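K.L.:
structure for this input, please:
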Amino acid sequence: MLLVLAVAGGLVVALLRWLAAHPWVPVTLMLIAAAAGGAWLHRRREAARWNEVRARGLRYAMPQIDALHHRQFEEAVRDLMSRDGCPRAERVGGAGDNGADVKATDPFGRLWVIQCKHRAAGLAGAAVGTPDLHVLNGTGRPVHNGDVVVLVTNGRFTGKAVDFARAQRLHLVDRHLLAQWAAGSTPLWGLLGSLPGPRRPGPGS
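P.N.:
Numbering: from 1, shown residues only. All right, here's what the predicted structure looks like:
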């Protein structure tokens, strides 16, 4: 063990002497490391910038949405909320989600609680009825503290569901409104009426 330590110590001393005799070597290595670090940071910033650009330009056509798995549909709704200015939009759907699939805080400080109902057959699929709205109404505000409670579907709603939503201040996004939202550039709060007031001033106010 002592022999190994002595050899290692000798190598370290020899290396230090060599570097002292060639001071340009550590300087060159430091410059290379700094350049590599700067290039990595530049690439990371550029990637983040382009991701932001792509997110702002996110669009979905209804055939794309119809082809999604229900989990992918939740992710698409999350991404649309992010596109519209909700940087912390998250998909929370799954076991024990208490009726919420997506949560997002808009630029006005309002918390959106969104339930997603995907229909592979679109308008031809089963209409979303009041049972799903009962669950959302029972958790959207009491459990999740949502300011805006929404059910989004690529299909349709029953007449009773529309009446119930209106009475309980729930917001419905059917296939036609979803198509307008997903393919355009207007945020969802610009397409829905009767929203609660802002919790804080929005951009440009």
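K.L.:
state the distance from the residue nearest the centre of the chain to R110.
P.N.:
Centroid-nearest residue in the chain, with CA atoms, centre = their mean: A89, separated by 4.3 Å. Taking CB to CB, to the nearest Å as the criterion, A89 is separated from R110 by 13 Å. Bear in mind the C-beta positions are built from the backbone N, C-alpha and C, glycine included.
K.L.:
please apply the same query to C116.
P.N.:
19 Å.
K.L.:
out of those two, which sits in the busier spot?
P.N.:
Per other CB atoms under 10 Å, whichever of C116 and R110 has more neighbours is C116, with 23 against 20.
K.L.:
what about R200, distance to L136?
P.N.:
25 Å.
K.L.:
contacts only, for D163.
P.N.:
Applying CB atoms under 8 Å, 6 or more residues apart in numbering to D163 gives no contacts.
K.L.:
and the gap between it and W112?
P.N.:
Distance from D163 to W112, by CB to CB: 22 Å.
K.L.:
and L136, by the same measure?
P.N.:
Using CB to CB, L136 is found at 12 Å from W112.
K.L.:
shared neighbours of these two, anything?
P.N.:
In contact with both L136 and W112: V149, using CB under 8 Å, 6+ apart.
K.L.:
which SS class is L172?
P.N.:
strand (DSSP: H, G, I helix; E, B strand; the rest coil).
K.L.:
kindly report the same for T28.
P.N.:
helix.
K.L.:
this structure: strands as residue ranges?
P.N.:
90-91, 102-105, 111-117, 148-153, 171-173 (DSSP state E).
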